[in-house]
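**Q** sequence unknown, structure follows:
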């Protein structure tokens with residue numbers, strides 16, 4: 001029997017919309033930009049969005065734990081944990097490139113049971129519930145049926161840490177270029193996974209990911225009929241950095257290119 005998550009889902013959607021309103025309000029008006037690393041940005045907007053989301057969820061579910069990108073971490077005696085990215089695509093946001101989102105997932109006993117991703121500029125709301133399917137603005141979505149790698153459009157991301165050791169990521173990227181129709185790199189992993197779920201992209205891979213980057217997106221992909229694993233074809237955990245997601249049909253072909261170029 002599926003867990004009844006309606007109350008959780010309603011709150012997650014409300015929280016993403018609140019965060020989305022903050023992102024719209026400050027779009028092209030960012031005043032404070034800090035560096036968490038050499039090229040890893042955080043703005044006051046990330047922090048405003050996170051605080052608003054955390055305030056809402058913690059007020060409604062005070063016993064739940066929280067793991068959010070910009071530092072809000074609470075560990076309570078609960079099987080539930082909210083995993084939050086208040087602004088996925090901060091670099092895009094600071095440059096006025098309208099590809100960014102808010103991502104919220106709920107984990108129960110280390111299993112993701114719901115995910116919500118909201119793109120405020122296009123007003124796209126992606127929702128997935130474990131065992132209940134994946135939806136965009138209320139309409140069910142499904143992964144693509146492309147079965148040949150050579151005809152696939154795939155997407156990847158480069159974490160800020162790539163500046164320290166770019167060799168492996170660039171080698172894999174280069175080898176994909178000769179084996180697929182094309183590769184995209186949009187800079188927002190949660191949205192990338194939603195577009196795999198929609199069938200816009202046929203596959204996605206990345207080397208250095210965090211839980212908040214993928215928690216909602218992996219459920220979206222799987223509930224849309226896709227497959228998500230690590231590079232060894234084992235089950236993926238949001239607490240590990242390497243991830244491969246696809247429409248299932250090109251999964252092993254993608255994996256082979258990755259493992260041969262690691």
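**A** On my side now, so go ahead. Since the model is a prediction, treat every value here as computed from it, not as a measurement.
**Q** Return the helix or strand in the chain with minimum mean pLDDT.
**A** strand 33-35 (a mean of 59; mean pLDDT, DSSP states H and E).
**Q** Now the spatially most central residue of the chain: phi and psi?
**A** With distances taken as C-alpha atoms, centre = their mean, residue 190 lies nearest the centre of the chain, 2.1 Å away. Backbone torsions of residue 190, given as degrees, to the nearest 10, read phi -60, psi -40.
**Q** can you check residue 242 too?
**A** Dihedral angles (degrees, to the nearest 10) for residue 242: phi -100, psi 130.
**Q** So for it, what pLDDT did the model give?
**A** The model reports residue 242 with a pLDDT of 92.
**Q** same question, residue 43
**A** Here the pLDDT value assigned to residue 43 is 76.
**Q** What distance do you get for it to residue 117?
**A** To residue 117, residue 43 is 20 Å away according to C-beta to C-beta, to the nearest Å. Glycine gets a C-beta too; all of them are placed from N, C-alpha and C.
**Q** Could you do residue 236 as well?
**A** Using C-beta to C-beta, residue 236 is found at 17 Å from residue 117.
**Q** Neighbour count: residue 43 and residue 117, which is higher?
**A** Shown here are residue 43 and residue 117; by other C-beta atoms under 10 Å, residue 117 has more neighbours (29 against 20).
**Q** Just the element for the more buried one, please.
**A** Assignment of secondary structure by DSSP states H and E places residue 117 within strand 111-119.
**Q** again, but for residue 238
**A** Counting by DSSP H and E, residue 238 is part of no helix or strand.
**Q** who's in contact with it?
**A** By C-beta atoms under 8 Å, 6 or more residues apart in numbering, the contact set of residue 238 is 83, 107, 112, 211, 214-215, 218.
**Q** From residue 202, how far off is it?
**A** 22 Å.
**Q** And the next helix-or-strand element following the strand holding residue 117, what does it pack against?
**A** Per DSSP H and E, the first helix or strand lying C-terminal to strand 111-119 is strand 124-129. Where contact means 3 or more C-beta pairs under 8 Å, 6 or more residues apart in numbering; DSSP states H and E, strand 124-129 is packed against helix 6-26, strand 111-119, strand 133-136, helix 189-198, helix 211-223.
**Q** what lines up beside the third one in the sheet?
**A** Read it as strand 133-136. strand 124-129 (antiparallel), strand 139-140 (antiparallel) (DSSP bridges).
**Q** Okay, buried residues for it please.
**A** For strand 133-136, burial by neighbour count (16 or more other C-beta atoms under 10 Å) applies to 134-136.
**Q** any idea which of those residues is closest to residue 95?
**A** Checking these against residue 95 with C-beta to C-beta, the nearest one is residue 136 at 25.5 Å.
**Q** Tell me the bridge partners for the closest one.
**A** Beta bridges link residue 136 to residue 126, residue 139, judged by DSSP bridges.
**Q** Just give me the neighbour total for the closest residue in space to residue 189 that isn't next to it in sequence.
**A** Nearest residue to residue 189 in three dimensions, chain neighbours excluded: residue 213, at 4.3 Å (C-beta to C-beta, 6 or more residues apart in numbering). Look at residue 213: counted by other C-beta under 10 Å, it has 26 neighbours.
**Q** Would you check how far apart residue 213 and residue 193 are?
**A** Distance from residue 213 to residue 193, by C-beta to C-beta: 9 Å.
**Q** cool, residue 107 as well?
**A** Note on residue 107: its distance to residue 193, by C-beta to C-beta, is 16 Å.
**Q** before we move on, what about residue 19?
**A** Residue 19 is 18 Å from residue 193, by C-beta to C-beta.
**Q** Repeat that for residue 66.
**A** Going from residue 66 to residue 193 by C-beta to C-beta gives 21 Å.
**Q** Thanks a lot, catch you later.
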